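# coordinates only, sequence not included:
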């Protein structure tokens, strides 16, 4: 059985901390998503617990009388236990070796496995067109599971916000399309 899920990378934020707020541009981007999500006939909303993800979807949720279900494991990939000055080098390496993880961090494969468990919850929700708001590294990890067509360069070039249509077939990602 196949299920289409809209993946949304959050709008522009003030930082990477879990409680980082959207910037003024990010708040406007969240407002600007309302017509596009309305046109896509989104009928259920799921989000990372991080503030920037929740804040991205709340204007649409409020405008359409929808609740947002928080799925804890949709949080951003944990790259390392401590901040890394050369973090982009580690992210690039992780696309070459999907099992590579920094000390105290997650590999792309671990991140994808965590995300896919939550996406299975979304797929089984009964929604016709659910939307999931999460983070660039997590979305990249999921899309990369389909094949290397989504690698470091595609992750690096992702916008805030960014929309992808993902097809899950029996819980496995089989196709994606950037919208």
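Now that the structure is in, tell me what you want to look at. Note that the structure is predicted; figures quoted are calculated from it, not measured.
# Centroid-nearest residue for this protein?
For the chain, the residue nearest the mean C-alpha position is residue 134 (3.0 Å; Cα atoms, centre = their mean).
# in the sheet, who's paired with that one?
When bridges are assigned using DSSP bridges, the partners listed for residue 134 are residue 9.
# From residue 24, how far off is it?
22 Å (Cβ to Cβ, to the nearest Å). For every residue, glycine as well, the C-beta is placed using N, CA and C.
# The closest residue to residue 178 other than its chain neighbours - how many residues pack around it?
In space, residue 178 comes closest to residue 164 once its chain neighbours are excluded; the distance is 5.6 Å by Cβ to Cβ, 6 or more residues apart in numbering. Each residue near residue 164 was counted by other Cβ atoms under 10 Å, and the total is 20.
# Show me which positions of the helix or strand encompassing residue 164 end up buried.
Counting by DSSP states H and E, the element that carries residue 164 is strand 162-169. Buried positions in strand 162-169, judged by neighbour count with 16 or more other Cβ atoms under 10 Å: 162, 163, 164, 166, 168.
# can you check stretch 32-50 too?
Neighbour-count burial for stretch 32-50, with 16+ other Cβ under 10 Å as criterion, is recorded at 33, 37, 40, 42, 44, 45, 46, 47, 48, 50.
# Let's see which of those residues end up in helices.
With DSSP state H as the criterion, helices contain 33, 37 from among the buried residues of stretch 32-50.
# Is it possible to get JSON lines of the buried residues of stretch 32-50 that adds distance to residue 142?
As requested, those are exported to JSON lines (distance: Cβ to Cβ, whole Å):
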{"residue": "33", "distance to residue 142": "20"}
{"residue": "37", "distance to residue 142": "19"}
{"residue": "40", "distance to residue 142": "19"}
{"residue": "42", "distance to residue 142": "18"}
{"residue": "44", "distance to residue 142": "18"}
{"residue": "45", "distance to residue 142": "18"}
{"residue": "46", "distance to residue 142": "13"}
{"residue": "47", "distance to residue 142": "15"}
{"residue": "48", "distance to residue 142": "13"}
{"residue": "50", "distance to residue 142": "16"}
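# Now the two most distant members of the buried residues of stretch 32-50.
Across the buried residues of stretch 32-50, the longest distance by Cβ to Cβ is 22.7 Å; it joins 40 and 50.
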